[in-house]
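A.B. asks: With the sequence up front, the predicted model follows.
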Amino acid sequence: CTNLASINVDGGNPNYSSMDGNLFNKDKTTLIQYAESKADTQYSIPDSVTSIAGYAFSFCRNITSITIPESVTNIGGAAVLYCRNLTSIDVDSGNPNYCSVDGNLFNKEKTTLIQYIIGKTDTHYTIPDTVTSIGEHAFDGCDYLTSVTIPNGVTSIGDWAFSGCLYLSDITIPNSVTSIGNNAFECCESLTSITIPNGVTSIGRSAFHYCINLGNITISKSVTSIGESAFRYCENLGVVYYTGTSFDWGQMAIAGNRELSDAQIYFLGDESDILIRSIMQNKW
């Protein structure tokens, strides 16, 4: 609702309330929706709030800073999705579940990167060594980053984690990673090559969908599951390296690419292989 500046709830409503034009449950313990087009650039969440709903601030184009109090113990998924001008989330140091580092949102132990603030104009980001999990939508829609350093120790890359990072051209997935989520790198149009390291067992649905400049892929023999449309519309895909000894392409998720005769597939392994079977309804 790109022009919504205020939500006003009748005082007699038994389940909902409003404050400063934003929507809450009746007792104001849950912030349900921040009005998307409010002109305010900063917002301090009231101390009564214990939960921020998923997508509560999504698409808010004016807000640059959000302050989260000690009382908040739950933050829903994609709470600040596509807040293009948001440069800082500040979490009260007494909060038991969350913290912020350089304006980015983490769980208290700093083992999960929940949200990189996409309004930051930095072109490179090094994820802290404490992180073992990159959360859903963590970098989704970041228009500035060209490179991200993922530390060895990260085991999972969440759904939509880097989706829509149009200028991301330099990223290395470390050997510690075991799973790449659905749509994790979808529409990363500047990626030209990617290596799926030994250790990764699953590549999610549409993980590299529409990475239109992805020219070559190296897939580890540890991969046993490739999701539907994982490499669909990678229309410049020309070389695939596989470290096993054979590969069952079947209907694997590469519909929309060049003809098979235009791609070169190299089998680099010398041990017994794992067959990776089709998960795509459209044949190559």
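C.D. replies: Perfect, thanks for sending it.

A.B. asks: Pull the contacting residues for I32.
C.D. replies: Contacts for I32 were tallied using Cβ atoms under 8 Å, 6 or more residues apart in numbering; they are 16, 23-25, 53, 56. Heads up, the C-betas are built off the backbone N, CA and C, glycines and all.

A.B. asks: got CSV for those, with neighbour count too?
C.D. replies: Output for the contacts of I32, formatted as CSV (neighbours: other Cβ atoms under 10 Å):
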residue, neighbour count
Y16, 15
L23, 20
F24, 21
N25, 15
A53, 19
A56, 23
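
A.B. asks: now I171: how far from N15?
C.D. replies: Distance from I171 to N15, counting by Cβ to Cβ, to the nearest Å: 44 Å.

A.B. asks: make that P197, sorry
C.D. replies: 49 Å.

A.B. asks: In terms of neighbours, single out the busier of the two.
C.D. replies: Legend: neighbour count by other Cβ atoms under 10 Å for P197 and N15, higher for P197 (18 against 8).

A.B. asks: so who does the residue nearest to that one when sequence neighbours are not counted touch?
C.D. replies: Nearest in space to P197, with sequence neighbours left out and distances taken as Cβ to Cβ, 6 or more residues apart in numbering, is N175 at 4.7 Å. Residues touching N175, when contacts are defined by Cβ under 8 Å, 6+ apart, comprise 152, 197-199.

A.B. asks: Can you go through those residues and name the buried ones?
C.D. replies: Neighbour-count burial (16 or more other Cβ atoms under 10 Å) is assigned, among the contacts of N175, to 197, 199.

A.B. asks: Which two of the contacts of N175 have the greatest separation?
C.D. replies: Using Cβ to Cβ, the two most remote members of those are N152 and N198, lying 12.7 Å apart.

A.B. asks: In strands only, show me the contacts of I32.
C.D. replies: Mapping the contacts of I32 onto strands (DSSP state E) picks out 16, 23-25.

A.B. asks: just those residues now: which is nearest D90?
C.D. replies: Checking the ones in strands among the contacts of I32 against D90 by Cβ to Cβ gives F24 as the nearest, at 20.6 Å.

A.B. asks: in the sheet, who's paired with that closest one?
C.D. replies: The partner list for F24 in beta bridges (DSSP bridges) reads S17, L31.

A.B. asks: What residues does it make contact with?
C.D. replies: Shown here is F24, whose contacts under the criterion Cβ under 8 Å, 6+ apart are 16-18, 30-32, 49.

A.B. asks: if I look at it, how far off is N216?
C.D. replies: If you go by Cβ to Cβ, the gap between F24 and N216 works out to 51 Å.

A.B. asks: rewinding a little: CSV for the contacts of I32, including pLDDT and distance to I157?
C.D. replies: Written out in CSV, the entries for the contacts of I32 read as follows (pLDDT from 0 to 100; distance: Cβ to Cβ, whole Å):
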residue, pLDDT, distance to I157
Y16, 98, 37
L23, 98, 32
F24, 98, 33
N25, 98, 33
A53, 98, 25
A56, 98, 24
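
A.B. asks: still on that earlier bit, mind putting the contacts of N175 into JSON lines with pLDDT?
C.D. replies: Compiled in JSON lines, the contacts of N175 are given as follows (pLDDT from 0 to 100):
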{"residue": "N152", "pLDDT": "96"}
{"residue": "P197", "pLDDT": "93"}
{"residue": "N198", "pLDDT": "91"}
{"residue": "G199", "pLDDT": "92"}
